[in-house]
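A.B. asks: prediction below, plus the sequence it came from.
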Protein chains: 2
Amino acid sequence: MKEVQVDFQPVGRRLNITIGQTILAAAQQLGLALGSGGLTAPCGGRGLCGRCRVRVASGQAGEITPAERRFLTPAQLEQGYRLACQATVTGPVKVEIPPESMLGVQKLQVEGLEVEVVPEPPVKRYNLPLSKTTIDNPAPLWQQVAGGLEATYGLARPVVDFNLARETEPQAAVGSATVTVRGTEVINIYTGRPAPPPVGLAVDLGTTKVAGFLINLETGATLAADGIMNPQIAYGEDVMARLGYALEGEEAYRRIQAVEIEGLNHLAAALAEKAGVATTDIEETVIVGNTAMHHLLLHLPVAQLARAPYVPAVTTPVEVKARHLGLDLSPGACVYLQPVIAGFVGGDHVAFILGSRIDAARKVTLGLDIGTNTEIVLSYKGRMLSCSCASGPAFEGAHIAQGMRAITGAISSVRLSDGGREVFWESIGNAPPLGICGSGILDAVAELYRAGILNASGRLDVSHPRVRRPAGGGPPEFLLVPAEQTGIDGDLVVTQKDISEIQLAKAAIASGTLLLLEAAGLKVEDLEEIVVAGAFGTHLQLESAITIGMFPNLLLDAFHQVGNAAGTGARLALLSMAERQRGEDIARQVGYIELMTQPTFQEVYVNSLLLP
Amino acid sequence: MKEVQVDFQPVGRRLNITIGQTILAAAQQLGLALGSGGLTAPCGGRGLCGRCRVRVASGQAGEITPAERRFLTPAQLEQGYRLACQATVTGPVKVEIPPESMLGVQKLQVEGLEVEVVPEPPVKRYNLPLSKTTIDNPAPLWQQVAGGLEATYGLARPVVDFNLARETEPQAAVGSATVTVRGTEVINIYTGRPAPPPVGLAVDLGTTKVAGFLINLETGATLAADGIMNPQIAYGEDVMARLGYALEGEEAYRRIQAVEIEGLNHLAAALAEKAGVATTDIEETVIVGNTAMHHLLLHLPVAQLARAPYVPAVTTPVEVKARHLGLDLSPGACVYLQPVIAGFVGGDHVAFILGSRIDAARKVTLGLDIGTNTEIVLSYKGRMLSCSCASGPAFEGAHIAQGMRAITGAISSVRLSDGGREVFWESIGNAPPLGICGSGILDAVAELYRAGILNASGRLDVSHPRVRRPAGGGPPEFLLVPAEQTGIDGDLVVTQKDISEIQLAKAAIASGTLLLLEAAGLKVEDLEEIVVAGAFGTHLQLESAITIGMFPNLLLDAFHQVGNAAGTGARLALLSMAERQRGEDIARQVGYIELMTQPTFQEVYVNSLLLP
């Protein structure tokens, strides 16, 4: 069988394979589908996800398949873009792996829950015939459209978004139009070419990550999903730092708002490109975010958000024309921001409850959306009570000596055996470990405690063979991976301070849970279901979280790890007006308790610091 | 039974009544509950509506009732506010009727036109108590407002204009608030000081003149009225010149739009100062204008307006936040632009029909709104048909050799006697004459024709002693006022060309009338009423207009000169949502005919040039 060379760029790796194999198979033989800088293929090469996009820079690949026609635009095919899992090698080829197809980018929780919903979007499409505007038939375009909507579809008193009217030639040509109507307002028009499906954008605007979903508003299908780092990170890692920056003055506030808008425009453009539509085709947007992100995006007053009692400026839903925020979407598109509840319980919490259906829970249910700030909701007897706790960034790898985000090379799970003398670990992408991510450090602490190497107050047993004093002195540390097995120049260790950080984080979450139960007059034993959301919450080992007392000690099948439920909630609110209203109802029904003002806060928190 | 005196302010009426009666009963005995400036009591004095709020400025009234506690805040009760239907007279009292409690039906009167309207504005006021936002009571301002609107007034799902939220301190202080709500959106708030009455701005945006009216939206009272020259005049005297300027390029268009916005801001500021309110108190605005002014204000496409078939970009009503047009009013204020009908039949024509009630005429009625462009409507058998005719600026003094606007020193009326040998004239302000305005030149031409000095084709009789050739030669002229009686250095004359200009103008109006009648299948004899609007239309001598054939030869009492009916229409649409909808209905019902495309246009026009 004839072999030809496949040359991968920019990694600079090449190999010879037999003709007829796929480009993905070649990448896999090189290990490129595993290591950092390699090729992503989330669906396992079945042509279902469209993520393994590559460009054939020179040489030949086989026939374009139907799957490729689905995920790539004609323009992209023209430029040589292919799906690696579909394109077969027919001769020597040079293949470029574009950055967005590379592995090792942040593992963003963009899949989320699958919830059934009947599309009932705020925008609706109508087709109308047009006749040419002439001196004998002087009806201009919008008069024909308004008249047609009224006569043919019974829409009462339609009006035209005046920005759309600004951007459209007022004289009609003969033919037909597809118009998009929101309420009684015409917000978009397609003439002279077929209209793409009506498209909406759902955004989960997090402090660290921004997840976007492009949705077909008629079918509910997700056309594209992507995530970017929140560009405001340049102005502060956490919410307080961002608020502090905005409070430096009007110019600073304008800047931090502008980078967010710019980021959203980039995300929208990337999603539109993936889905093969234009950003001007995006006719509706829903954004959910924590209260600080919500306020900074809208340029609302934030001084009072940065100090007790941390009150939001607005708790009612906000709906504005996208253009008035600087978002470049369809000329008449609206942006809907899910209402926030309190200073630290935002629209993302509302979306989390909506997406996970906790508002309809029949059992006593606890919902936790874990992040730098963890929001917890308790649903019981038809009521809901929420709180927010400052769990900190330890689970995102920050404040941990050798912590890192959950990307390629991060230790994501840890098991000890032989009394802790032997350590088993897994790293993301099976790469040589570079550091420890949230689920890894959680496992490590839980395993250390289980093995008796930690006592209840979290002190390391200095007599254990893997516990040692660091070279320069100071508190003890546990040797997790010796230097020869790591991808870095040295050992990977768990320090005494790392353990304290995890104790602080888990105490915040555990005391939030206990104080919510107390406020509701319930006990831990009354809990029947626990829903855990967020990227870390979805990947953590439940046993470990129970072992260190972060989660209540329930049977494992009472737990549901639901991924990015807030993103799901955002998509629901985008796709259905009934869901949007349900979200508003949630925001109004949820009672909010401020943990710090609970009389037993101090006592509960201090107790929660201990390992159980 | 003991009687005491009740003294009502600001009306300055007083009476004696027996102790124990209510303040409302006293007002009713005075007839104050009936006449203009009186006290409103929509619920009939049953304590159900809270509208009959008065202030007991001195003296005593009985115990505060539960109904009063419901409708008045503790702060208002502190200040002496009471409900007139609840407060009983227990001793001599002085009672102030605040503007917002004054009786609703207001007669809008402009030069002969009287229209009754029940105020039903798009914005409504509500009073709410506030408590201080603290750590124990963390409800921020807008949450208290939204909650109060829902709980106390039954408003479903109120939201807050996000620009208002941007500009307001989010933490509540103890006290009370007066909020303005539009639909379900809170658009303004007053805290810490009494709210001024709700104020709206009505604008008649003419090519030459911009008239503004500041209106109390609860009583309908006009608080201030003023006019400015349209600042766009610097970019062209007439509509076509303005459109031409805007079409020079985007920068030119931006500039001509910006000067208009600036002019409107100046007008609003001047009116607010006159009325003793702030521009930020103006909570709603209605603008009516011809199609070109409408489009230039909104920055809509205008290329198609400047050439046949002269189609407007948008014929549906436009409603935008004032701030999005650059108008500096209340933070959440809206601007409503009355819909236009055709390229030369604009929102001012709709407002003219609305203000003059021609849409409800039972008789066959002709309405003429005379200006540089004259719009004519024919109302018959429940239908309306409109056209526009280019009557030109002659009636505004332009294109007339010694023409001028109708200001001090202009000859405004002319009578001839002794076969035209003697001339009687009047000037505005009785000043020495400087020139001739529209009504003066119309009179002059009619009198010359009546005296036989003009023949049917408009030629001057050169044998008449006052008809002469000008010194430098050329067509003949009629000596109106010799130099020694004028305020200028020379005679005032009527030239042969002046007469031709008036013939052209009257022919345009007369042929518009005839072609409308023809299109409706009617004859001049079928006309029963004629409504004449506009500044010139109101001041002209009807006999003169009939003499030269500009108006049909009806009995004088069939004519109604109604002044600025378009301005009245704008105020009606500002003051009442029912009137606004009626205006929209008018725009939809009016049929439009393009004179130039009528088969008999040429023939009718040429015949109309002759004097009858």
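C.D. replies: Good, I have the coordinates.
A.B. asks: tally of neighbours for A:N430?
C.D. replies: Number of residues near A:N430 (other CB atoms under 10 Å in any protein chain shown) recorded here: 12. For the C-beta atoms, the positions are set from N, CA and C on the backbone; glycine is no exception.
A.B. asks: residue ranges in chain A under the pLDDT threshold?
C.D. replies: Low-confidence segments of chain A (pLDDT under 70): A:1, A:10-12, A:30-44, A:49, A:99-114.
A.B. asks: doesn't A:L300 make contact with A:A292?
C.D. replies: No - the pair A:A292 / A:L300 is not scored as a contact, 10.1 Å apart, by CB atoms under 8 Å.
A.B. asks: tell me the SS of the spatially most central residue of chain A?
C.D. replies: Note on chain A: the residue nearest the mean C-alpha position is A:A211, at 3.7 Å, using CA atoms, centre = their mean. Following DSSP: H, G, I helix; E, B strand; the rest coil, we place A:A211 in the strand state.
A.B. asks: so what sits opposite it in the bridge?
C.D. replies: A:D204, A:G227 (DSSP bridges).
A.B. asks: measure it to A:A535 for me?
C.D. replies: Remark: distance between A:A211 and A:A535 (CB to CB, to the nearest Å) = 10 Å.
A.B. asks: for the one residue in the stretch 401-550 of chain A that gets nearest to chain B, give me its contacts.
C.D. replies: Residue of the stretch 401-550 of chain A nearest chain B, by CB to the nearest CB: A:A519 (14.7 Å). Neighbour list for A:A519: A:L385, A:I593, A:Q598 [criterion: CB atoms under 8 Å, 6 or more residues apart in numbering or on different chains].
A.B. asks: packing partners of the longest helix that chain A contains?
C.D. replies: Using DSSP state H, we find that the single longest helix of chain A is helix A:250-275. Packing partners of helix A:250-275 (3 or more CB pairs under 8 Å, 6 or more residues apart in numbering or on different chains; DSSP states H and E): strand A:199-205, strand A:209-216, strand A:222-229, helix A:239-246, strand A:282-289, helix A:291-298.
A.B. asks: one more pass at 6 Å, please.
C.D. replies: The helices and strands touching helix A:250-275, judged by 3 or more CB pairs under 6 Å, 6 or more residues apart in numbering or on different chains; DSSP states H and E, are strand A:209-216, strand A:222-229, helix A:239-246.
A.B. asks: does A:V423 sit in a helix, a strand or a coil?
C.D. replies: Once three-state DSSP is applied, A:V423 turns out strand.
A.B. asks: what's across from it in the sheet?
C.D. replies: A:L416.
A.B. asks: burial of it, as a residue count?
C.D. replies: Based on other CB under 10 Å, the number of other residues close to A:V423 is 21.
A.B. asks: tell me the residues of chain A that contact chain B?
C.D. replies: Residues of chain A lying near chain B by CB under 6 Å from any CB of the partner chain: A:133, A:135, A:138, A:140, A:142-143, A:146, A:159-160, A:162, A:165-166, A:170-171, A:298, A:300-301, A:304, A:308-309, A:311, A:313-318.
A.B. asks: helix, strand, or coil at the residue sitting furthest away from the middle of chain A?
C.D. replies: Within chain A, A:D136 marks the point farthest from the mean C-alpha position, 55.7 Å out by CA atoms, centre = their mean. Using three-state DSSP, the structure places A:D136 in coil.
A.B. asks: now it, nearest residue through space, not along the chain?
C.D. replies: B:T597 (6.7 Å; CB to CB, 6 or more residues apart in numbering or on different chains).
A.B. asks: what distance do you get for A:A322 to B:A313?
C.D. replies: According to CB to CB, A:A322 stands 21 Å off from B:A313.
A.B. asks: so for those two, which sits in the more crowded spot?
C.D. replies: More crowded of A:A322 and B:A313, by other CB under 10 Å: B:A313, with 27 against 24.
A.B. asks: shouldn't the more buried one be in contact with B:V302?
C.D. replies: No - if you go by CB atoms under 6 Å, B:A313 and B:V302 don't touch, sitting 7.6 Å apart.
A.B. asks: roughly how far does the spatially closest residue to A:E528 that is not a sequence neighbour sit from chain B?
C.D. replies: With sequence-adjacent residues excluded and distances taken as CB to CB, 6+ apart, A:E528 is closest to A:K363, at 3.7 Å. Look at A:K363 and chain B: by CB to the nearest CB, to the nearest Å, they are 29 Å apart.
A.B. asks: what count of nearby residues applies to A:K363?
C.D. replies: 11.
A.B. asks: tabulate the CA atom coordinates of stretch A:22-30 in CSV.
C.D. replies: In CSV, the C-alpha atoms belonging to stretch A:22-30 read as follows (Å, rounded to 0.1, in the frame of the first residue of the first chain):
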residue,chain,number,x,y,z
THR,A,22,-8.1,10.4,7.6
ILE,A,23,-6.1,13.4,8.6
LEU,A,24,-7.4,12.9,12.2
ALA,A,25,-6.0,9.3,12.1
ALA,A,26,-2.6,10.7,11.1
ALA,A,27,-2.8,13.2,13.9
GLN,A,28,-3.6,10.5,16.4
GLN,A,29,-0.7,8.3,15.2
LEU,A,30,1.5,11.3,15.9
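A.B. asks: going by neighbour count, which residues in it are buried?
C.D. replies: Within stretch A:22-30, the residues that qualify as buried are A:T22, A:I23, A:L24, A:A25, A:A26, A:A27, A:Q28, A:L30, counting by 16 or more other CB atoms under 10 Å in any protein chain shown.
A.B. asks: as CSV, the residues you listed with secondary structure would be great.
C.D. replies: Shown next, in CSV, are these (three-state DSSP):
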residue, secondary structure
A:T22, strand
A:I23, helix
A:L24, helix
A:A25, helix
A:A26, helix
A:A27, helix
A:Q28, helix
A:L30, coil
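A.B. asks: could you dump those to a markdown table with distance to B:A406?
C.D. replies: Listed next are the buried residues of stretch A:22-30 as a markdown table, based on distance: CB to CB, whole Å:
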| residue | distance to B:A406 |
| --- | --- |
| A:T22 | 86 |
| A:I23 | 84 |
| A:L24 | 85 |
| A:A25 | 90 |
| A:A26 | 89 |
| A:A27 | 86 |
| A:Q28 | 90 |
| A:L30 | 90 |
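A.B. asks: ok, so of those residues, who is nearest A:T191?
C.D. replies: A:T191 lies nearest to A:I23 out of the buried residues of stretch A:22-30, by CB to CB, at 40.7 Å.
A.B. asks: contact partners for the closest one?
C.D. replies: Contact partners of A:I23, counting by CB atoms under 6 Å, 6 or more residues apart in numbering or on different chains, are A:A84, A:A87, A:V95.
A.B. asks: circling back to that earlier point, highest mean neighbour count out of the helices and strands packed on helix A:250-275?
C.D. replies: Of all those, strand A:209-216 has the most neighbours on average by mean count of other CB atoms under 10 Å in any protein chain shown, namely a mean of 25.
A.B. asks: same for that strand, what does it pack against?
C.D. replies: By 3+ CB pairs under 6 Å, 6+ apart, strand A:209-216 packs against strand A:199-205, strand A:222-229, helix A:250-275, helix A:565-575.
A.B. asks: residues contacting the helix or strand containing A:R588, please?
C.D. replies: Per DSSP states H and E, A:R588 falls inside helix A:577-589. Residues outside helix A:577-589 that contact it (CB under 6 Å, 6+ apart) are A:120, A:122, A:317, A:338-339, A:341, A:350, A:353-354, A:359, A:384, A:572-573.
A.B. asks: what angle do it and helix A:565-575 make?
C.D. replies: 130 degrees (axes from the mean of the first three to the mean of the last three CA atoms, to 10 degrees).
A.B. asks: partners of the helix or strand just after helix A:577-589 in the sheet?
C.D. replies: Sequence-wise, the next helix or strand downstream of helix A:577-589 (DSSP H and E) is strand A:591-592. If you go by DSSP bridges, strand A:591-592 pairs up with strand A:383-389 (parallel).
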